[in-house]
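*Asks:* Pasting the sequence and the predicted coordinates here, then a few questions.
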Amino acid sequence: MMTIARTAFSRAVLFVCVLLAGASVAAQTVTLTCGGNSQDEFARIMGDGEKHALLILFVSKNMDYLSGVQTRVENAAGNTLAERACGPLGQMDVSAPGRYKITVHYNGAKKTREVELQRTGNTRLLFVLD
């Protein structure tokens, strides 16, 4: 009788652990907003920086602003959380602090950066692409 109770208890504990682990992964979300093509929009996004986890700027080696940069955001486990064409600015909000990997592709060039982010904090990231 005691063995059955222990087995049932062990299964219940395992079930709760699996539920909690799944909830923490499912709760991790990212919003990637892109823009800045007009002067007004560029100024607004730059001015809103402190409200967001990350501000990304995409430029060429000549320091020209770039649009249409394929941008992918992954969590530490390698799960893709957001993916879209972005530029010249990208603004990112995260539901949970942690390490995120940002990979960008533009005209055959690929660059990756890892950043540690808080929910807010005005972290800035510059991608200089060919």
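*Replies:* Yes, it's here.

*Asks:* drop to CA atoms for contacts and neighbour counts, all remaining ones
*Replies:* Will do.

*Asks:* ranges for the helices of the chain?
*Replies:* For the chain, the helices defined by DSSP state H occupy 2-27, 39-47.

*Asks:* chain center to the last one: distance?
*Replies:* It refers to helix 39-47. Offset of helix 39-47 from its chain centre (C-alpha atoms, centre = their mean, to the nearest Å): 21 Å.

*Asks:* Out of the helices of the chain, which gets the lowest mean score?
*Replies:* Note on the helices of the chain: lowest mean pLDDT is at helix 2-27, with a mean of 47.

*Asks:* shaky segments in this protein?
*Replies:* Scanning the chain for pLDDT under 70 picks out the ranges 1-27.

*Asks:* where do the strands sit along it?
*Replies:* Taking DSSP state E as the criterion, the chain carries its strands at 30-35, 54-60, 69-75, 80-86, 89-94, 98-106, 109-117, 123-129.

*Asks:* Same list (the ones you listed) but as JSON lines, adding distance to E41.
*Replies:* JSON lines is the format used below for these (distance: least, C-alpha to C-alpha, whole Å):
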{"stretch": "strand 30-35", "distance to E41": "7"}
{"stretch": "strand 54-60", "distance to E41": "14"}
{"stretch": "strand 69-75", "distance to E41": "18"}
{"stretch": "strand 80-86", "distance to E41": "14"}
{"stretch": "strand 89-94", "distance to E41": "10"}
{"stretch": "strand 98-106", "distance to E41": "22"}
{"stretch": "strand 109-117", "distance to E41": "24"}
{"stretch": "strand 123-129", "distance to E41": "17"}
